[in-house]
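In: All I have is the shape, not the residue letters:
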């Protein structure tokens, strides 16, 4: 609804109310139009103010989300699938040199670089890595601990 339509609706309501109060009264249509447009302008101004406040709140929430830990920002032509998975080395034993998942989806920390068989990675197993979040093919799960980590 545009401003003219809204002002017209307010004017009809105003005139109808005046006639209901006193059917024989003289109606000052200039005053009715002025009041109707004044009310319309106030309604549109309040609507725009509320839209701006809502947009500011949304921007604040988005900024909070972008600054949160573990936030991933997707770049153009890049998808979540393109991001390589890495183990959380802070959970690994100090002497773990590698991490790999077996065909049964269990993941293990290794002290030496393991060798892959048909169903598992064989090597110096130091412990299981639970809740790893790896979803790829187990044969591609082998990761070497980066230096200094």
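Out: Structure received. Everything numeric here is computed off the predicted structure, so don't read it as measured data.

In: Check the gap between residue 11 and residue 40 for me.
Out: According to Cβ to Cβ, to the nearest Å, residue 11 and residue 40 sit 10 Å apart. To be clear about C-beta, it is placed using only N, CA and C from the backbone, and glycine gets the same treatment.

In: go on, residue 86?
Out: For residue 86, the distance to residue 40 - Cβ to Cβ - is 59 Å.

In: Pick out whichever of the two has more residues nearby.
Out: Taking other Cβ atoms under 10 Å, residue 86 and residue 40 do not tie; residue 40 has more neighbours (21 against 11).

In: OK, contacts around the more buried one?
Out: Counting by Cβ atoms under 8 Å, 6 or more residues apart in numbering, residue 40 touches 3, 6, 7, 10.

In: For my notes, please list the residues you listed in JSON lines and give secondary structure for each entry.
Out: Below are these laid out as JSON lines (DSSP: H, G, I helix; E, B strand; the rest coil):
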{"residue": "3", "secondary structure": "helix"}
{"residue": "6", "secondary structure": "helix"}
{"residue": "7", "secondary structure": "helix"}
{"residue": "10", "secondary structure": "helix"}
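
In: Type out the PyMOL command that picks the buried ones from the residues you listed.
Out: Buried residues within those, by 16 or more other Cβ atoms under 10 Å, are selected in PyMOL with:
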select buried, resi 6+7+10
